[in-house]
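**Q** Here is my input; please provide its structure:
(chains A and B)
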2 protein chains.
Amino acid sequence: MKKHDKKQIPQRVVSRLAMYFRVLSQLDAAGVERISSRELGEMMSITPSQIRQDLSYFGEFGQQGYGYRVKYLYEEICKILGLKEQHTMILIGVGNLGRAIASYTNFRNRGFYLIAAFDVREEIIGKRFNDLVIKPMHELGSFLDENKVDIAVLTVPASQAQEIANRLVEKGIKGIWNFAPIKLEVPEGVVVEHVHISDSLYSLSFRLREKTT
Amino acid sequence: MKKHDKKQIPQRVVSRLAMYFRVLSQLDAAGVERISSRELGEMMSITPSQIRQDLSYFGEFGQQGYGYRVKYLYEEICKILGLKEQHTMILIGVGNLGRAIASYTNFRNRGFYLIAAFDVREEIIGKRFNDLVIKPMHELGSFLDENKVDIAVLTVPASQAQEIANRLVEKGIKGIWNFAPIKLEVPEGVVVEHVHISDSLYSLSFRLREKTT
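**A** Predicted coordinates:
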């Protein structure tokens, strides 16, 4: 794999990597062995040249006239995305959304392990949830002192998210997967991925309107 | 507003419209009156020329040397996204994810009204959920015969999603907001927005790896 200057990889390319991963994983599961950039582009609604340009950040994967070997490209994209490594995660906020996300077993299959869950609500603290016992928020600091945590999943109300993010950052957390509808301010070196669930609803609204007007 | 050939608007532009909407709504709430495409670009991590190009699909919104009037652009993007209209929605699958999505009150503020919720599980059918009584799935068809539904929110297991989508399409549903981890096959004229929650986790994984290698 060609070395690349990682600083230069634009967010839109990173976003598409997950899409490549998804599509290639489906193709591989379906037993498809090779695919042209044209076919791959059609599946992803992007141009073949966009695909070649995206992948060129990471190396040379295709062959003129042959296309891509699905399994190889899939494995390489897994590596690029860090999905060959294990990540420990904690869940903060065990409401409906937190439970939904934590129950999504695919994450574990991809190497993301939930090792603790925290909440402020007395009535659920101490209860079992998946294989975990829900911990009180005041134990967050000591837990982070004693355990290596890669990613904190934030499914708390917007009003509490920034304060919790500050505590996480103080304790050295480098990755926050934020579902709270608020932009978090974090120092450089901390990665926040903000999930904007409504964005896709608005796209849907646009597409529906486009059809009827 | 300039007329545009709606068929030509690429998905990536549509996806960014929701982002414009989000950022402009924050700016407007913060009392910002005007913004340059450079500043807007910085907030969204895209180039000013990309912004101008995106918006040019819909009309002329900025002024050379002045930038954009925040409130005006915000209102226009609301219109473009169809957020000035009301949409009726039904929820299919009242599990954790379904509950989380239905509880997100912001949708109602944007004109998306949940008018019914369906599930197959006997133990929750008939129970109240938000302002609704959970209906059994076998009432779905008759409900759709009697009510105008714009969008079905699909929060069911992957194994059931396609069959339910088929029933929805048969009854004339034109918009499906799909959270089931499966690609739905629908006829032309039906819009599916598939929410891939894991994509952002994989981006996060990539960014974390980028920092440490």
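**Q** Enumerate every residue touching the closest residue to A:L154 other than its chain neighbours.
**A** Distances taken as C-beta to C-beta, 6 or more residues apart in numbering or on different chains put A:N178 closest to A:L154, at 4.7 Å, once the chain neighbours are dropped. All C-beta atoms are positioned from the backbone trio N, CA, C, and that covers glycine. Neighbouring residues of A:N178 by C-beta atoms under 8 Å, 6 or more residues apart in numbering or on different chains: A:L154, A:A161, A:A165, A:L184, A:V192, A:E193, A:H194, A:V195.
**Q** Repeat the analysis, applying 6 Å as the threshold.
**A** A:L154, A:L184, A:V192, A:H194 (C-beta atoms under 6 Å, 6 or more residues apart in numbering or on different chains).
**Q** Next: A:A180.
**A** Applying C-beta under 6 Å, 6+ apart to A:A180 gives the contacts A:L154, A:V156, A:A158, A:A161.
**Q** List just the nearest of the residues you listed to A:H138.
**A** Nearest to A:H138 out of the contacts of A:A180 is A:V156 (C-beta to C-beta; 14.8 Å).
**Q** did I read that right, the closest one in a strand?
**A** No: going by DSSP: H, G, I helix; E, B strand; the rest coil, the assignment for A:V156 is coil, not a strand.
**Q** Verify the contact between it and A:G95 for me.
**A** No: A:V156 lies out of contact with A:G95 (C-beta atoms under 6 Å); the separation is 8.0 Å.
**Q** Give me the more crowded residue out of these two.
**A** A:V156 (26 against 18; other C-beta atoms under 10 Å in any protein chain shown).
**Q** any chance you could map the strands in chain A?
**A** Remark: strands assigned in chain A by DSSP state E are A:34-35, A:62-63, A:67-69, A:87-92, A:112-119, A:128-129, A:132-133, A:135-136, A:151-154, A:175-178, A:191-194.
**Q** Most neighbours among the contacts of A:N178, which one is it?
**A** Within these, A:L154 tops the neighbour count with 26 neighbours, counted by other C-beta under 10 Å.
**Q** and that one, what does it touch?
**A** For A:L154, the contacting residues are A:I92, A:A161, A:I176, A:N178, A:A180, by C-beta under 6 Å, 6+ apart.
**Q** swap in A:K135?
**A** Counting by C-beta under 6 Å, 6+ apart, A:K135 makes contact with A:F118.
**Q** re the thing from before, would you format the contacts of A:N178 as CSV with pLDDT and distance to A:A116 included?
**A** Shown next, in CSV, are the contacts of A:N178 (pLDDT from 0 to 100; distance: C-beta to C-beta, whole Å):
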residue, pLDDT, distance to A:A116
A:L154, 97, 14
A:L184, 93, 20
A:V192, 95, 20
A:H194, 91, 22
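**Q** between these, which is nearest B:E122?
**A** Relative to B:E122, the closest of those is A:L154; by C-beta to C-beta it sits at 34.5 Å.
**Q** if I look at that closest one, how far off is B:G62?
**A** A:L154 sits 35 Å away from B:G62, going by C-beta to C-beta, to the nearest Å.
**Q** Quick one: end-to-end length of stretch A:140-156, please.
**A** Using C-alpha to C-alpha, to the nearest Å, one end of stretch A:140-156 lies 14 Å from the other.
**Q** how distant is it from the center of its chain?
**A** 17 Å (C-alpha atoms, centre = their mean, to the nearest Å).
**Q** Equivalent analysis for stretch A:178-186, please.
**A** Going by C-alpha atoms, centre = their mean, where stretch A:178-186 is centred and where its chain is centred differ by 15 Å.
**Q** One more: stretch A:34-51?
**A** From the chain centre to the centre of stretch A:34-51 is a distance of 23 Å (C-alpha atoms, centre = their mean).
**Q** And the contacts of it?
**A** Contact with stretch A:34-51 is made by A:M19, A:V23, A:R52, A:G67, A:Y68, A:R69, A:V70, B:Q11, as judged by C-beta under 6 Å, 6+ apart.
**Q** If you drop the residues flanking it in sequence, what lies closest to the second one?
**A** It refers to A:V23. A:M43 (5.3 Å).
**Q** how about the residues of chain A near chain B?
**A** With C-beta under 6 Å from any C-beta of the partner chain as the criterion, chain A meets chain B at residues A:6, A:11, A:14, A:18, A:45, A:81-82, A:96-97, A:99-100, A:175, A:177, A:191, A:193, A:195, A:199-210.
**Q** Now, the residues you listed that are in helices?
**A** A:11, A:14, A:18, A:96-97, A:99-100, A:199-210 (DSSP state H).
**Q** thinking again about what came up before, sort out which one of the contacts of A:A180 lies nearest chain B for me.
**A** Here the nearest of those to chain B, counting by C-beta to the nearest C-beta, is A:A158; it sits at 10.0 Å.
**Q** That closest one is in contact with A:P181, isn't it?
**A** Yes: between A:A158 and A:P181 a contact is recorded at 5.1 Å, counting by C-beta under 6 Å.
**Q** what's next to the lowest-mean-pLDDT helix or strand in chain A, contact-wise?
**A** Every helix and strand of chain A was ranked by mean pLDDT, DSSP states H and E. The lowest is strand A:62-63, at a mean of 76. Strand A:62-63 has contacts (C-beta under 6 Å, 6+ apart) with A:Y68.
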